[in-house]
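Engineer: Predicted model, plus sequence, below.
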Amino acid sequence: METKILKELFEWAKSLTIAVILAFLIHTFLFAVVVVSGPSMEPTLQNNERLIMNKIIYKIHAPKRGDIVIFHASEKEDYIKRVIGEPGDKVEFRNQQLFINDQPTQEPYLDRYSGKIITEDFPPVTVPDGMIFVVGDNRGNSTDSRIIGPISLNKVIGRADLAIWPLSQVRKLWN
């Protein structure tokens, strides 16, 4: 009888150990939950919203215009912003319009701001190799590349793929 209980306990311990190791590996290398802090990505993302971050996607390819990325802004703080400029792009804001390589660019995620001043004019910046230009969707309340400059691709830790909390707001965040 004791042998049967010990075998059962061993099987449970083995299963739990495998589950813990798998959870650790998934969280470390593939996906993580991040929390939105502040209003800089409104109306797309709200303060305290929970997101699933894809950590592996940028090992496969570089961030693309429109991606919502998470990056190390400092040793203690990560930011969530939208990529609007890729390496080599010339980025400029003029009369509330984003221009990429001298072409006006549509930003459908800003439609809710119609009629409001959302972006002050910003002189042209060419994004250096190995970097991206990021901005918050709430342009009047965002510390982004307009202030801190282009972001090194080495500081990007992942892409926001899913909003998962609150449950009433679950949705995918990438195209």
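Structural biologist: Great, that's in hand.

Engineer: For this structure, which element, helix or strand, carries the lowest mean pLDDT?
Structural biologist: Least confident helix or strand, the chain: helix 2-25 with a mean of 82, by mean pLDDT, DSSP states H and E.

Engineer: what are the pairing partners of the next helix or strand after that one, and which direction each?
Structural biologist: Downstream of helix 2-25, the first helix or strand assigned by DSSP states H and E is strand 31-35. If you go by DSSP bridges, strand 31-35 pairs up with strand 50-54 (antiparallel).

Engineer: which residues touch the strand it pairs with?
Structural biologist: 30-36, 45, 70, 80, 157-165, 173 (CB atoms under 8 Å, 6 or more residues apart in numbering). All C-beta atoms are positioned from the backbone trio N, CA, C, and that covers glycine.

Engineer: same thing but 7 Å
Structural biologist: 31-36, 70, 158-165 (CB atoms under 7 Å, 6 or more residues apart in numbering).

Engineer: Please look at Leu98 and Glu107 and confirm they touch.
Structural biologist: Yes: using CB atoms under 7 Å, Leu98 is in contact with Glu107, at 5.9 Å.

Engineer: if you count what's nearby, which of those two comes out ahead?
Structural biologist: Leu98 (20 against 17; other CB atoms under 10 Å).

Engineer: For that one, give me phi and psi.
Structural biologist: Phi and psi for Leu98, reported as degrees, to the nearest 10, are phi -90, psi 130.
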